[in-house]
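>>> I would like the atomic coordinates for the input below:
(2 chains)
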Amino acid sequence: MNYSDTSIAVTTPFLSLESVRKTYPGVVALDGFSMEVRPGEVIGLVGENGAGKSTLMKILGGVTTPDAGTITVDGTAHKGLSVEGSLDSGIAFVHQELNLFENLDVAANVFFGREPLRAGPLKLVDRSKLREMVAPLLKRVGANFSADAQVADLSLAQQQMVEIAKALSIKARLVILDEPTSSLPLAETDKLLDVIKALKADGISVIFISHRLHEVERVADRVVVLRDGMLAGTLGKRDINHDQMVKLMIGRMLKEREKASEAARAPGATALAAKAIRTPSYPGRPVDLDVRRGEILGLAGLVGSGRTELARVFFGIDGSLGGMLELDGKPLVLGSAADAVAQGIFLVPEDRKLTGILLDLSIAQNISLPNLPAHARRSLVSASAETATAEKQKKDLGIKAPSVQTRTGTLSGGNQQKVVLGKWLAMNPKVMILDEPTRGIDIGAKAEIYGLMRALADAGVAVLMISSDMEEVIGVSDRIAVMHEGQISGILDKDQFSQENVLLLAVGKQPK
Amino acid sequence: MSKKDLGLLILILVVGAIVAIINPRFLLPINLANTSNLIGLFGILSIGQAFVIITGGIELSVGSVVALLGTLFIDFIAVRELDWPLAFVLIIALGAIIGLVHGWLITRLKLQPFVVTLCGLLIYRGVARFYTADGTAGFAFGQNFPELEFLTAGRSWGVPNSFIALIVIAIVMWVVLHRSVFGRYLYAIGKNEEAAKYSGIRTGRIVMTAYVICGVLTALSAIYFAMYTRSISPASHGQFYELYAIAAAVLGGFSLRGGEGSLIGVILGTVLLQELQNLVNLLGIPSSLNFAVMGGVILIGVLVDQQWGVFRARRLMVDAARKNIAGAPAE
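As a prediction, the model looks like this:
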């Protein structure tokens, strides 16, 4: 599994880590981890959540110091880096959340705090010189926008280019991209991958951290896999493939992706129907959609295509600006989420921590919350009834926690998501809407959540799953509806499923 | 009783013991009765405020409401000669309406609680002064309301009835806040209103109800205050009472961000504030320093609480690290 490309091996590494160890109270975050980064090399860094990637980034950024091991940068060995030391040696970060001033233009952002000044007591910014300095950097990242453009007007991928230009402006020799594509629409992802190739051509090293394994496959020279704070393995260029990465990440092969057992599932009756529904974000685009009992309907589309907005209307959070909803063939009027819940329409929202659960409440309190009157006698909450309901969900869903009285804020992402599911499963769902149900969740927990969705569908629930993960949409759905700019651009049946078809519909073209 | 409440109780007892040693008059029945009467009046007010603060809101108009409703109450029974039970019901209803209007502006029209209730503070004070033409509302010579006076300013077994009223209200509100479905909703909304909404809770109604509860309790305390002072000059009656109520809640462990605090806490907070007032009087501290003493104690209290939290978090980490070094398996 180790790389043995002699052509690369001769160059001395720009960065090398040796037996790095870092512990936090109660956790060994990194344990005897070693890796090397050569000039002009693109390294894909993958691992499940909690595998130690963030700790590694913190060490490289100089935010934290390892307990043991050495870090050699450019031939000089260190016990640990400082923030300034890391910057000075040419290590630059582009984080998932961009650090740009949206109200300023590109040039001001790239050289923020390091602007060239005019002579004189006022120390005014020398705008023309600033533009001269920025122009070549933008050219290097292949920017198709000017230095005067307002950052707020740029797309996400363009904003990432500004971040990379910023990294280049400090003469970076290693650029670390942390989940750069997770919020990018597909077309923009390609641009970003091109920029990575351009950096490589200039001899700049790149560490590319991503959960999107096919992108890692496309761009990495070598893949380093972390598991439980240790190096699980390294894959050389020729060995990089999806299954190998997954195997190293979880330490075993995932069982064959659940094949839709019966090719043709008898479609159930329509549970939830949207008839010319207009959402507040695309008021001019009526949406028609049927979710049938016993099916998992995947809702695919690019970020911003209006999927979440549609879910919010289905759940009564936003009002519809026109059209009507039907549940089991009867007109449905929703004034609030409470109305939807009363009808058995439940939503597992996209943003778990903000809207899915209350982090300060216990598992039991979260699970009973939507159905609290049923856990009360004469309006007084019965703790034993709450505990009983929660215990059942904890057992059924396999929620890993010391007890149901544990604060949900202390649980892992996967277990938090199970609590969100648990609170709805404890009631009787008719329609279950899941918005990006596995985002930020370990591969192991993902499989369990797919299993739960299938069990729901088998029990006759109409399941609507919004997902940006192509493999998930194709692997889990019975039908796929694709949205493009606020409208359903097409619906695919099982025999039409392919990445290509979903993509074509997502950009508004006809499938083959 | 939480550790926080216990700490506050110990502080109250320690301060009380010190004051009693320096000035034994602190323990005279007449002094204790007077102080507990004030605790009763301010306590009812503060419980109302606590219900609003738990939702993450604030009610700044309670002082002005005490002035306005107190003025109206005395006017109703002394000048217009309504039966006092009728006047009582009218005043409570007015308090509920004021709370309802505030709640409606805040939840339906999405105005900020601070702004809505600040306007209320100005408006009700102005209306009260206009209503009496800046005069004083009071009873004429010889006017008597024996039952009302007994219930508000009287004593049973030497205990002021206002204090007994507080205890009854506190017990009821404790059940509502800490045991009822409504109370759980209040905490959930205070912690994270969005998540509560996504769990199917009608958050608007719950928050509005909190303001109505505050309005009703404020109206009740307005009647008690009116019967205690017996004459009201609307320009100054009830001034800064909203701050007493907020201070009691904060001392009692409430977070102004919402979602935190206990009923016992707000009662203990009221007790401590009134004890401090009494201390200023008994120890011969110039009464002009009254507010300064109160402010200083609240600041120290909040500071100690905060530092205690930091200290505990650190100790937990050190403990965990020790265990880790000792070779306990890490997760």
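>>> how about the residues of chain A near chain B?
A:23, A:25-28, A:315, A:317, A:336-338, A:340-342, A:347, A:349, A:354-361, A:365, A:369-370, A:372-373, A:376, A:379-381, A:423 (CB under 8 Å from any CB of the partner chain). (Glycine included, C-beta is placed from N, CA and C.)
>>> okay, and which of the residues you listed map to helices?
Among those, the members found in helices (DSSP state H) are A:Ala337, A:Ala338, A:Ala340, A:Val341, A:Ala342, A:Gln365, A:Lys423.
>>> for the last one, grab the count of nearby residues.
Meaning A:Lys423. 26 (other CB atoms under 10 Å in any protein chain shown).
>>> contacting residues around B:Asn281?
B:Asn281 makes contacts with B:Ser287, as judged by CB atoms under 8 Å, 6 or more residues apart in numbering or on different chains.
>>> and it, what element?
In the assignment (DSSP states H and E), B:Asn281 maps to helix B:263-282.
>>> let's verify the residue most central in space within chain B: helix, strand, or coil?
By CA atoms, centre = their mean, chain B has its centre lying nearest to B:Ser46, at 0.6 Å. Per DSSP: H, G, I helix; E, B strand; the rest coil, the secondary structure class of B:Ser46 is helix.
>>> for it, give its distance to B:Leu251.
Distance, B:Ser46 to B:Leu251, using CB to CB, to the nearest Å: 10 Å.
>>> any common contacting residues for the two?
B:Gly269.
>>> sorry, back to before: go through the residues of chain A next to chain B and flag which are in strands.
Members of the residues of chain A next to chain B lying in strands (criterion: DSSP state E): A:Thr23, A:Val27, A:Val28, A:Leu347, A:Ala376, A:Leu380, A:Val381.
>>> buried subset of these?
A:Thr23, A:Val28, A:Leu347, A:Ala376, A:Val381 (16 or more other CB atoms under 10 Å in any protein chain shown).
>>> any chance of these in TSV, plus pLDDT?
TSV is the format used below for these (pLDDT from 0 to 100):
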residue	pLDDT
A:Thr23	84
A:Val28	78
A:Leu347	95
A:Ala376	91
A:Val381	93
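>>> which pair of those residues spans the longest distance?
A:Thr23 and A:Ala376 (45.1 Å; CB to CB).
>>> which among the ones in helices among the residues of chain A next to chain B end up buried?
A:Ala337, A:Ala338, A:Ala340, A:Val341, A:Gln365, A:Lys423.
>>> and residue 22, how many neighbours?
I'll assume chain A. Neighbours around A:Lys22, by other CB under 10 Å: 23.
>>> that's the other chain; I wanted chain B
Using other CB under 10 Å, B:Ile22 has 13 other residues around it.
>>> who touches the nearest residue to it once chain neighbours are set aside in this structure?
Nearest in space to B:Ile22, with sequence neighbours left out and distances taken as CB to CB, 6 or more residues apart in numbering or on different chains, is B:Leu283 at 6.2 Å. Counting by CB under 8 Å, 6+ apart, B:Leu283 touches B:Val19, B:Ile22, B:Asn23.
>>> wait, which of those is closest to chain A?
B:Val19 (37.9 Å; CB to the nearest CB).
>>> thought that closest one was touching B:Val280?
No. With contact defined as CB atoms under 8 Å, B:Val19 does not reach B:Val280; the gap is 10.1 Å.
>>> separation between A:Ile170 and A:Lys129?
17 Å.
>>> correction: the previous question concerned B:Leu41.
For B:Leu41, the distance to A:Lys129 - CB to CB - is 70 Å.
>>> just A:Gly294 next, same as before
For A:Gly294 relative to A:Lys129 (CB to CB), the value is 67 Å.
>>> what secondary structure does the residue nearest to A:Asn103 when sequence neighbours are not counted sit in?
Excluding its sequence neighbours, the residue lying closest to A:Asn103 (CB to CB, 6+ apart) is A:Ala152, at 6.6 Å. Recorded secondary structure, A:Ala152: helix (three-state DSSP).
>>> A:Ala152 and A:Gln96: what is the separation?
A:Ala152 sits 19 Å away from A:Gln96, going by CB to CB.
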